[in-house]
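Undergrad: Let me see the structure of the following:
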Amino acid sequence: MEFSTIKALLELAGGPAFALENGVICFSDPEAAALGLIAGTALAEILPDAPLPPAGASAEAPVVLAGRSWTLRAYDAGEMTACFLRPLRSLIPAPNENTLLHTAGSIRLALQDLLTALDAAADTAADADAARRLAPALRSVYQLRRTAGDLELLAALCAGSFRLCRKSCHPVAATAALCAELAELLGPAGRSLRWKLPAREIPCCMDWALTAALLRELIANAAADTADGSILLTLTQSGKDQLCFAVRNSPGTALPEAPFHRHAAERSDLKGGAGLGLSLVSAGAECHGGRLLLSTDAEGAVTALLTLRASERADETVRSAVQLPQDPDLNLVALSQILPADCYRPEDLL
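TA: Sure, this is the predicted structure:
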């Protein structure tokens, strides 16, 4: 094979590539040269263990070059040997729990400066109209708080590092209190939240902080896509140790073909938020020994059924609450994609 042909093939390789003549580099592309594979240098000086293929054959072996692991592929083309380097593994680590936590942390750091600026602007606002103009910016702060909190919680749940903190709980009373607070906030947004709960309390041990976070996500998702503005939450008990929370609404449009894990979809049709909600609730349900199911009835209403497994005994180890997002006004954070900007007036919230 002529040198011009080999050179053309090497230049089309799409990665570090070079050619050898009698064990000496006679040509290298810019990527190979940047790794120290420079023309005129003997390959054995750089990669003493690199294999050279027999006549008319090829060889492949892992090598370490410039602190990285590569696969060296060599092909004997007669008078010269064509060589290609390919990463043995991705040079960029795939996103993991730390990636999500670092991203959430950077959001929160930026929010500190933004809140300081908004606080100063609210103090110097001359009239109510000026303060009202700050409301959309403050709502955006709460929306970013929600994104950061969802990233932090999803990271821990998906990595398996979240640990339940089951304590004695009265879920009927706790659910009623949560729904009352959310219903009051949803009123200005034209949404109506109703709830049906058992007549008697269900004393048990569960992680209520996690449960409340999952319910906020489901109610916020339902409120974001409802044709008639009505949302219904029901709580029932199944067996001795299973609680079933059902959130029902009538969406304005049909559910997507793949409603789960929309944050990872190749093409996004998101109109707000990061598409983490159902994935977060699913992971949280599994962590609490349950699951999340979606169903649509003949009338087109959608029910999100969240089942959680309760316990008769509390956890002996009391784990830190910092596993969950530590935000003030958690309900305002959860509903920040839905509520009008006037609900986030600086004089009321800063």
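Undergrad: only C-alpha atoms for contact and neighbour calcs from this point on.
TA: Noted.
Undergrad: how about the helices in the stretch 101-250 of the chain?
TA: Under the criterion DSSP state H, counting those that start in this stretch, the stretch 101-250 of the chain contains helices at 128-159, 171-186, 208-224.
Undergrad: Where does pLDDT dip in the stretch 51-200 of the chain?
TA: 89-97, 120, 122-131 (pLDDT under 70).
Undergrad: same thing but at 90, please
TA: Along the stretch 51-200 of the chain, segments meeting pLDDT under 90 span 51-165, 188-189.
Undergrad: hang on, the earlier thing: format the helices of the stretch 101-250 of the chain as a markdown table; extra columns: distance to L243.
TA: Output for the helices of the stretch 101-250 of the chain, formatted as a markdown table (distance: least, CA to CA, whole Å):
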| stretch | distance to L243 |
| --- | --- |
| helix 128-159 | 20 |
| helix 171-186 | 9 |
| helix 208-224 | 11 |
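Undergrad: May I see these organised as a markdown table, with distance to F245 and mean neighbour count added?
TA: Shown next, in a markdown table, are the helices of the stretch 101-250 of the chain (distance: least, CA to CA, whole Å; neighbours: other CA atoms under 10 Å):
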| stretch | distance to F245 | mean neighbour count |
| --- | --- | --- |
| helix 128-159 | 20 | 20 |
| helix 171-186 | 10 | 17 |
| helix 208-224 | 8 | 21 |
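Undergrad: Tell me which of the ones you listed sits nearest to A74.
TA: Closest to A74 of the helices of the stretch 101-250 of the chain, according to CA to CA: helix 128-159, at 39.9 Å.
Undergrad: what helices or strands is that closest one leaning on?
TA: When contacts are defined as 3 or more CA pairs under 8 Å, 6 or more residues apart in numbering; DSSP states H and E, helix 128-159 packs onto helix 97-124, helix 277-287, helix 330-334, helix 346-349.
Undergrad: Now the ones you listed in JSON lines, please, with extra columns for mean neighbour count and distance to P30.
TA: Shown next, in JSON lines, are these (neighbours: other CA atoms under 10 Å; distance: least, CA to CA, whole Å):
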{"stretch": "helix 97-124", "mean neighbour count": "15", "distance to P30": "32"}
{"stretch": "helix 277-287", "mean neighbour count": "22", "distance to P30": "44"}
{"stretch": "helix 330-334", "mean neighbour count": "21", "distance to P30": "51"}
{"stretch": "helix 346-349", "mean neighbour count": "14", "distance to P30": "56"}
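Undergrad: any weak-confidence spans in the stretch 201-350 of the chain?
TA: Low-confidence segments of the stretch 201-350 of the chain, defined by pLDDT under 90: 203, 221, 224-229, 238-241, 250-280, 282-283, 289, 291-304, 311-350.
Undergrad: I am finished for the moment; much appreciated.
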